[in-house]
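>>> sequence first, predicted coordinates after that:
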Amino acid sequence: KKKKNNGADPSFETISGTTINNNDDNKVITATGTANTLHGEPYVHVNSTSLSIGTQSPAYLANLHIRSSYASFRIDSDGANQDTHVKMRTGTGKNNYIYFGDAADDDVGQIAYDHNGDHMKFITGTTERMRLNQHGLCLGGTGAANGLDDYEEGTFTPDWNGASGGVSSITY
């Protein structure tokens, strides 16, 4: 059977009459409700593999950079009774970092997970202060001797030594 021609012209015409305001490289383009005018968004930029909001120059190694006087991000399950997740995945033997900084030092505080030793480090003032590893919570060092122990294992037998009218002491 031969298909019927509905009379529509299958050729394409050049689009005319559309204006792009604030036209520049690496900008996200948005449209008005009628799509008669397009806008190059001044605060949203795409640069190679980075997306930045509020700056044209994303920070070193930032794939997503948000810059604002009140910068924040939110992960929201929209009121659904569901979990939310923030996941970081790296190569075998590498580290995951969460940095806390200020204008003077952008990584002065850190939480780091080291996949080589399977431990989590808490760093303040650029010095490791606490670590979670196979020994538990470690303070002041990372070895077994620095692991906090809850003393719920083993036994403890105190020995009370006292003298009539003298000094008493406990040894164990």
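On my side now, so go ahead.

>>> name the spans of this protein whose pLDDT lies under the cut-off.
Within the chain, the stretches with pLDDT under 70 are 1-26, 34-35, 58-62, 141, 149-157, 159-172.

>>> could you rerun that using 80?
Counting by pLDDT under 80, the chain contains low-confidence ranges at 1-68, 70-71, 73-74, 126, 140-172.

>>> so what secondary structure elements neighbour the top strand by length along the chain?
Ranked by residue count under DSSP state E, the longest strand found in the chain is strand 37-47. Here strand 37-47 touches strand 19-21, strand 27-31, strand 50-53, going by 3 or more C-beta pairs under 8 Å, 6 or more residues apart in numbering; DSSP states H and E. C-beta here means a position set from N, CA and C on the backbone, and glycine is covered the same way.

>>> any chance of TSV for these, columns mean neighbour count?
Compiled in TSV, the helices and strands packed on strand 37-47 are given as follows (neighbours: other C-beta atoms under 10 Å):
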stretch	mean neighbour count
strand 19-21	12
strand 27-31	14
strand 50-53	17
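
>>> can you lay out the ones you listed as JSON lines showing distance to Leu64?
Converted to JSON lines, those look like this (distance: least, C-beta to C-beta, whole Å):
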{"stretch": "strand 19-21", "distance to Leu64": "25"}
{"stretch": "strand 27-31", "distance to Leu64": "13"}
{"stretch": "strand 50-53", "distance to Leu64": "5"}
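
>>> out of those, the one nearest Phe73 is which?
strand 50-53 (9.8 Å; C-beta to C-beta).

>>> paired strands for whatever helix or strand comes next after the closest one, with orientation please.
Using DSSP states H and E, the next helix or strand after strand 50-53 towards the C-terminus is strand 64-66. Here strand 64-66 has these sheet partners by DSSP bridges: strand 50-53 (parallel).

>>> mind exporting the longest strand of the chain as PDB, just the C-alpha atoms?
Provided in PDB are the C-alpha atoms of strand 37-47 (Å, rounded to 0.1, in the frame of the first residue of the first chain):
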ATOM      1  CA  THR A  37      13.700  34.600  24.400                       C
ATOM      2  CA  LEU A  38      16.600  32.500  25.700                       C
ATOM      3  CA  HIS A  39      18.900  33.500  28.500                       C
ATOM      4  CA  GLY A  40      22.600  32.700  29.100                       C
ATOM      5  CA  GLU A  41      22.400  32.200  32.900                       C
ATOM      6  CA  PRO A  42      25.000  34.500  34.500                       C
ATOM      7  CA  TYR A  43      25.500  32.400  37.600                       C
ATOM      8  CA  VAL A  44      25.600  28.900  36.100                       C
ATOM      9  CA  HIS A  45      28.600  27.800  34.100                       C
ATOM     10  CA  VAL A  46      29.900  24.600  32.500                       C
ATOM     11  CA  ASN A  47      33.600  24.400  32.100                       C
END
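
>>> thanks a lot, catch you later.
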